[in-house]
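>>> Structural data only, the sequence is not supplied:
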């Protein structure tokens, strides 16, 4: 349902989601990402499923997206049953001109990257405020999922790579954020990131790092909702 009220950001997210859902064809198995913009995509797909316009299944990337699928009447499947997905629709925290991404502020980065890598296409939806010249601008961190056992040594290694790591603390309960996989999240501040693929590789090589929120060269298309319309970006 198109959001009501005066918030252009909500309407922008809705418009971006509608464009992405146009890529979903009958019989597709798709990855369903996480975040506020994906809510609108799930609602739109759910309406089409209920009207009999689409027969699809989704692989959720988080408990949030699982509940979104259930609430909207979209059948759920797994990567064990469908290891190759037709496409994934997901959000992003930052997007550069080459469609490199920072994801993971919602904590689902590992499952999101696994699902994205299993997909023929990754389509990103967001509002225009997520677009930047370079990842890391505006003091934006890179989320990194880390095994609790390796937390302190991994944080020291991140510092050696020039990052300023900070353990993400929970709001509403005492202690760190725990992912759906039972791990911790460290938000690492690197400043402007000129080569996200190289940084991703270096971070992934640290023992105990499960995954990073740097998605380099994975997205094919991004739809950015604006105050007046939608901007489409294609990977260069």
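Arrived safely, thanks for sending. Keep in mind that this is a model prediction, so the values were computed, not measured.

>>> Give me the residues contacting stretch 61-76.
Residues from elsewhere that reach stretch 61-76, judged by C-beta atoms under 8 Å, 6 or more residues apart in numbering: 31-34, 38-39, 42-43, 45-47, 49-50, 56-60, 90, 106-108, 111-112, 115, 180. The way it works is simple: take the backbone N, C-alpha and C, and place the C-beta from them, glycine included.

>>> Could you do stretch 37-54 as well?
Contact with stretch 37-54 is made by 1, 3, 13-14, 16-18, 20-21, 24, 26, 28, 32, 55-56, 58, 65, 68-69, 71-75, 89-91, 125-127, 225, as judged by C-beta under 8 Å, 6+ apart.

>>> So which of those belong to strands?
Using DSSP state E, the members of these that fall in strands are 32, 58, 89, 90, 125, 126, 127, 225.

>>> Residue 59 contacts residue 31, doesn't it?
Yes. Between residue 59 and residue 31 there is a contact at 5.1 Å, judged by C-beta atoms under 8 Å.

>>> and for those two, which residues touch both?
Counting by C-beta under 8 Å, 6+ apart, the contacts common to residue 59 and residue 31 are 85, 115, 118.

>>> returning to what we had before: buried subset of the contacts of stretch 61-76 as a ChimeraX selection?
Buried residues among these (16 or more other C-beta atoms under 10 Å), as a ChimeraX selection:
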select :31,32,33,34,38,39,42,43,45,46,49,56,57,58,59,60,90,106,107,108,111,112,115,180
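
>>> Helices along this structure, start to end?
8-21, 36-50, 63-71, 109-117, 151-160, 196-204 (DSSP state H).

>>> Just name the most buried of the ones you listed.
helix 109-117 (a mean of 23; mean count of other C-beta atoms under 10 Å).

>>> Contacts for it next, please.
Taking C-beta under 8 Å, 6+ apart as the rule, helix 109-117 contacts 31, 33-34, 59, 61-62, 79, 85, 88, 90, 103-104, 122, 143, 145, 179-181, 183, 185, 210-213, 215, 218-219.

>>> Was I right to think residue 26 contacts residue 56?
Yes. Residue 26 is within contact range of residue 56, at 7.4 Å (criterion: C-beta under 8 Å).

>>> Who is residue 144 paired with across the strands?
Using DSSP bridges, the beta-bridge partners of residue 144 come out as residue 186, residue 212.

>>> OK, contacts around it?
Contacts of residue 144 (C-beta under 8 Å, 6+ apart): 104, 154, 158, 165, 185-188, 203, 209, 211-213.

>>> nearest to residue 138, of those?
Nearest to residue 138 out of the contacts of residue 144 is residue 187 (C-beta to C-beta; 13.6 Å).

>>> if I look at the nearest residue to that closest one once chain neighbours are set aside, how far off is residue 189?
Among residues not flanking residue 187 along the chain, residue 141 sits closest, at 3.7 Å (C-beta to C-beta, 6 or more residues apart in numbering). Using C-beta to C-beta, to the nearest Å, residue 141 is found at 5 Å from residue 189.

>>> Likewise for residue 65?
Distance of residue 65 to residue 189, given as C-beta to C-beta: 27 Å.

>>> Over to residue 231?
Note on residue 231: its distance to residue 189, by C-beta to C-beta, is 28 Å.

>>> where does the protein dip in pLDDT?
The model of the chain has pLDDT under 70 over residues 1-6.

>>> In the record's domain split, what are the boundaries for it?
Domains of the chain are assigned by automatic domain parsing as 8-132+217-234, 137-211.

>>> Tell me the gap between the shortest one and the middle of its chain.
By that I understand domain 137-211. With C-alpha atoms, centre = their mean, to the nearest Å as the basis, domain 137-211 stands 16 Å off its chain's centre.
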